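# Quick one, fold the following:
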Amino acid sequence: MSAVHGGRSTTNRRAAWRWARLVAVAATLAVLVWRVGTGPFLDGLRTVDGRALAAAAGLGVLTTVCCAWRWRIVARGLGVDLPLGTAVAAYYRSIFLNVTLPGGVVGDVHRGISHGRDTSDVGRGLRAVAWERSAGQVVQVVLTVAVLLIAPSPVRAAMPLVALALLAAAAGVALAVRVRPAVGRSWWARLRSAGARDVRDGLLAGRAWPAIALASALVVAGHTATFLIAARTAGATAPPSRMLPLALLVMAAAVLPNVGGWGPREGVTAWAFAAAGLGASRGVATAVVYGVMVFAASLPGAAVLVAAWARRTRSAPLLDRPLPRGPGILARPDGEGRSHV
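Numbers count the residues shown, from 1 in each chain. Predicted coordinates for the structure are as follows:
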């Protein structure tokens with residue numbers, strides 16, 4: 001009975017979290033419409049042109065290949081083989097699912113489970129994806145804090161405290177990784193031991209971490225360039241040196257819970273542009289253009305999904321197909337058989 005109640009409790013919490021996320025996103029967009037109207041949203045949609053979409057597609061190839069490379073490195077450190085071509089296709093599919101489905105992580109979960117099934121180890125597949133995404137977020141945070149410490153931005157005054165907190169967190173992680181946990185039977189001891197082992201082997205191995213850092217930095221650069229192009233397309237004329245801190249702030253907000261990428265991104269962009277003297281309306285238009293560009297760059301993932309569906313349809317089990325018409329065997333009452341046409 002307790003297991004049943006525990007399962008119901010978990011389901012209820014997940015449902016409550018989904019509804020809370022939807023309400024938060026709807027409230028954010030409603031406040032933006034109330035403050036700036038629908039004009040900036042429509043302006044953003046109208047200003048998207050072929051050059052912006054082509055740039056998004058090209059930068060999307062760069063960032064996706066770098067993400068797939070990072071995933072391959074982490075998976076190999078955890079003892080799982082992952083060809084680069086397979087990783088690129090799976091990552092495109094993951095990005096498409098992330099930007100079209102609520103939550104922003106459905107594609108990553110699907111990617112981890114699919115790879116785990118292919119390698120007969122779903123747990124390790126999910127861990128590889130989790131560590132790969134975590135490594136990317138860590139590099140993004142470090143680069144963002146470094147830029148915001150030296151470049152003028154609405155949050156520059158708070159960045160020294162943020163940097164100190166980041167250094168303290170990094171020291172704690174390094175200490176936890178270096179100190180080998182005592183062997184224990186509790187789930188916490190096993191989890192801590194497995195996590196420390198994954199970080200040592202998958203992220204901090206001698207040849208792994210420089211490549212992971214480089215791939216992650218290129219991903220951040222690609223996303224930032226996409227945002228700068230979106231801002232220029234939306235009509236922002238500020239120099240790149242002024243736009244760069246705002247772009248990194250928006251990239252940091254994009255990892256917050258959202259629905260198809262929408263919600264926090266638009267709210268933070270409007271606030272950052274207004275605080276920088278560029279206008280909240282211009283910020284909303286930029287966020288809309290950026291969202292359209294990101295969606296366009298993810299469309300190869302839809303092709304991967306269609307190709308996988310077609311492949312599954314062609315290779316359906318014979319038992320699921322109708323029996324062919326033609327010569328067959330009919331049983332006789334005496335147990336023998338005779339041919340039948």
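# distance between the host helix or strand of residue 95 and the chain's centre?
Secondary structure from DSSP states H and E places residue 95 in helix 84-100. The chain centre lies 9 Å from the centre of helix 84-100; the measure is C-alpha atoms, centre = their mean, to the nearest Å.
# Give me the next element, helix or strand, following it.
helix 106-118.
# what comes up buried for that following helix?
The neighbour-count check on helix 106-118 (16 or more other C-beta atoms under 10 Å) flags 107-112, 114-116 as buried. All C-beta spots, glycine's among them, are computed from the backbone N, C-alpha and C.
# Over to stretch 228-236?
228-234, 236.
# now stretch 149-157: how far from the chain's centre is it?
27 Å.
# Any buried residues in it, and which?
Here stretch 149-157 shows 153-154 as buried, counting by 16+ other C-beta under 10 Å.
# Mind checking the pLDDT average for it?
With pLDDT averaged residue by residue, stretch 149-157 scores 89.
# Then stretch 229-237?
94.
# Can you measure across it, start residue to end residue?
One end of stretch 229-237 sits 11 Å from the other (C-alpha to C-alpha, to the nearest Å).
# Name the surrounding residues that touch that stretch.
Residues from elsewhere that reach stretch 229-237 (C-beta atoms under 8 Å, 6 or more residues apart in numbering): 43-44, 47-49, 52, 55-56, 238, 243, 247, 273, 278, 282, 285-290, 293.
# are any of those residues buried, and which?
Applying 16+ other C-beta under 10 Å to these flags 43-44, 47-48, 52, 55-56, 238, 243, 247, 273, 278, 282, 285-290, 293 as buried.
# quick one on the thing from earlier: list the buried residues for the helix holding residue 95?
87-99.
# can I get the CA coordinates of that helix in CSV?
Provided in CSV are the C-alpha atoms of helix 84-100 (Å, rounded to 0.1, in the frame of the first residue of the first chain):
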residue,chain,number,x,y,z
LEU,A,84,30.1,10.8,-34.0
GLY,A,85,27.6,10.5,-36.9
THR,A,86,25.1,8.7,-34.6
ALA,A,87,25.7,11.3,-31.9
VAL,A,88,25.0,14.2,-34.3
ALA,A,89,21.8,12.7,-35.6
ALA,A,90,20.6,11.9,-32.1
TYR,A,91,21.5,15.4,-30.9
TYR,A,92,19.6,17.0,-33.7
ARG,A,93,16.5,14.9,-32.7
SER,A,94,17.0,15.9,-29.1
ILE,A,95,17.2,19.6,-29.9
PHE,A,96,14.0,19.4,-32.0
LEU,A,97,12.1,17.7,-29.2
ASN,A,98,13.4,20.2,-26.6
VAL,A,99,12.2,23.2,-28.6
THR,A,100,8.8,21.8,-29.6
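# in stretch 29-38, what counts as buried?
Neighbour-count burial for stretch 29-38 [16+ other C-beta under 10 Å]: 29, 32, 36.
# any idea which of these is closest to residue 12?
residue 29 (26.2 Å; C-beta to C-beta).
# Give the full set of residues in contact with that closest one.
Here residue 29 is in contact with 262-263, 266 (C-beta under 8 Å, 6+ apart).
# Throw the residues you listed into TSV and include neighbour count, thanks.
What follows is those, written out as TSV (neighbours: other C-beta atoms under 10 Å):
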residue	neighbour count
262	19
263	25
266	29
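# Out of those residues, list just those in strands.
Among the contacts of residue 29, no member is found in strands (DSSP state E).
# quick one on the thing from earlier: export the buried residues of helix 106-118 to JSON lines and tack on pLDDT and distance to residue 195?
Formatted as JSON lines, those follow (pLDDT from 0 to 100; distance: C-beta to C-beta, whole Å):
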{"residue": "107", "pLDDT": "91", "distance to residue 195": "23"}
{"residue": "108", "pLDDT": "94", "distance to residue 195": "18"}
{"residue": "109", "pLDDT": "93", "distance to residue 195": "19"}
{"residue": "110", "pLDDT": "93", "distance to residue 195": "23"}
{"residue": "111", "pLDDT": "95", "distance to residue 195": "20"}
{"residue": "112", "pLDDT": "94", "distance to residue 195": "16"}
{"residue": "114", "pLDDT": "93", "distance to residue 195": "23"}
{"residue": "115", "pLDDT": "92", "distance to residue 195": "19"}
{"residue": "116", "pLDDT": "93", "distance to residue 195": "17"}
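# Closest one to residue 152 out of those residues, please.
Using C-beta to C-beta, the buried residues of helix 106-118 come closest to residue 152 at residue 108, 34.4 Å.
# would you list every one of the helices in the stretch 101-250 of the chain?
Taking DSSP state H, counting those that start in this stretch, the helices of the stretch 101-250 of the chain run over residues 106-118, 122-150, 159-178, 187-198, 208-233, 240-253.
# Least confident of the ones you listed, on average?
Minimum mean pLDDT among those: helix 187-198, a mean of 76.
# Only C-alpha atoms, please: export that helix in PDB.
Provided in PDB are the C-alpha atoms of helix 187-198 (Å, rounded to 0.1, in the frame of the first residue of the first chain):
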ATOM      1  CA  TRP A 187      21.800   4.400  -1.500                       C
ATOM      2  CA  TRP A 188      23.500   7.800  -0.700                       C
ATOM      3  CA  ALA A 189      26.900   6.100  -0.400                       C
ATOM      4  CA  ARG A 190      26.400   4.300  -3.700                       C
ATOM      5  CA  LEU A 191      25.100   7.400  -5.400                       C
ATOM      6  CA  ARG A 192      28.000   9.500  -4.200                       C
ATOM      7  CA  SER A 193      30.600   6.800  -5.200                       C
ATOM      8  CA  ALA A 194      29.100   6.500  -8.700                       C
ATOM      9  CA  GLY A 195      28.900  10.200  -9.200                       C
ATOM     10  CA  ALA A 196      32.500  10.800  -8.100                       C
ATOM     11  CA  ARG A 197      33.600   8.000 -10.400                       C
ATOM     12  CA  ASP A 198      31.700   9.400 -13.400                       C
END
